[in-house]
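Student: no letters, just coordinates:
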């Protein structure tokens with residue numbers, strides 16, 4: 001494998017959401033945003049999509065979401081994010097979310113599935129303005145048991161930061 005240069009994907013999704021809906025959107029393949037219709041009385045739904053179907057070693061996905069003052073949204077994903085076996089470099093996911101004053105976000109993406117040999121570095125930062133509300137659920141899945149697949153070797157670094165108006169509220173990191 002020496003000397004082989006593999007093509008890598010470096011996706012980016014930047015989204016600004018206001019109290020009345022979409023304000024600004026930037027998408028760089030393979031990252032995309034979809035906006036399925038929400039039920040009456042429910043916050044708007046934003047579905048992030050990796051059209052490549054997953055990340056392999058050396059790929060990266062950067063996501064930035066800004067909810068303006070008093071904006072409301074639910075973020076989800078169209079499918080699980082898959083982290084495939086790496087031939088050397090790690091896959092990187094970077095998330096930056098900022099909620100303005102009185103904003104409300106339900107962060108409910110699908111799980112991240114780590115295949116055997118995957119190498120993942122994920123950093124997620126959430127900043128809450130005064131009176132903002134955040135419901136957050138995330139899940140790492142180590143292999144696919146129903147298919148007889150296990151995450152037997154690889155690397156994971158998963159870092160979380162939650163900040164409020166007065167500073168750091170919560171920090172957590174997992175290194176395996």
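Tutor: Nice, thanks for sending it over. Please read all numbers here as calculations on a predicted model, not as lab measurements.
Student: list the buried ones in stretch 48-60?
Tutor: 48-50, 54-60 (16 or more other C-beta atoms under 10 Å). Backbone N, C-alpha and C define where each C-beta goes, glycine included.
Student: so the closest residue to residue 80 other than its chain neighbours: helix, strand or coil?
Tutor: Nearest residue to residue 80, sequence neighbours excluded (C-beta to C-beta, 6 or more residues apart in numbering): residue 110, at 4.4 Å. When classified by DSSP: H, G, I helix; E, B strand; the rest coil, residue 110 comes out as coil.
Student: what's residue 110 in contact with, if anything?
Tutor: 76-81 (C-beta atoms under 8 Å, 6 or more residues apart in numbering).
Student: ditto for residue 30
Tutor: 9, 11, 50-52, 61.
Student: can you rerun that using 10 Å?
Tutor: Applying C-beta atoms under 10 Å, 6 or more residues apart in numbering to residue 30 gives the contacts 9-13, 49-55, 59, 61.
Student: what about it, distance to residue 134?
Tutor: Computed as C-beta to C-beta, to the nearest Å, the residue 30 to residue 134 distance reads 27 Å.
Student: on that earlier part again, and of the contacts of residue 110, the nearest to residue 141?
Tutor: residue 80 (7.5 Å; C-beta to C-beta).
Student: that closest one: how many residues sit nearby?
Tutor: Residues near residue 80, counting by other C-beta atoms under 10 Å, number 17.
Student: surely it meets residue 115?
Tutor: No. Judged on C-beta atoms under 10 Å, residue 80 makes no contact with residue 115 at a distance of 11.2 Å.
Student: list residues touching both of these two?
Tutor: Here residue 80 and residue 115 share the contacting residues 54, 141, 144, scored by C-beta under 10 Å, 6+ apart.
Student: identify the residues contacting the least confident helix or strand in the chain by mean pLDDT?
Tutor: Within the chain, confidence by mean pLDDT, DSSP states H and E is lowest for strand 140-142 among all helices and strands, at a mean of 93. Defining contact as C-beta under 10 Å, 6+ apart, one finds that strand 140-142 is touched by 80-83, 110-116, 118, 120, 122, 149-152, 154, 156, 158, 174, 176.
Student: partners of it in the sheet?
Tutor: Sheet pairing of strand 140-142 (DSSP bridges) gives strand 112-114 (parallel).
Student: kind regards, and thank you for your time.
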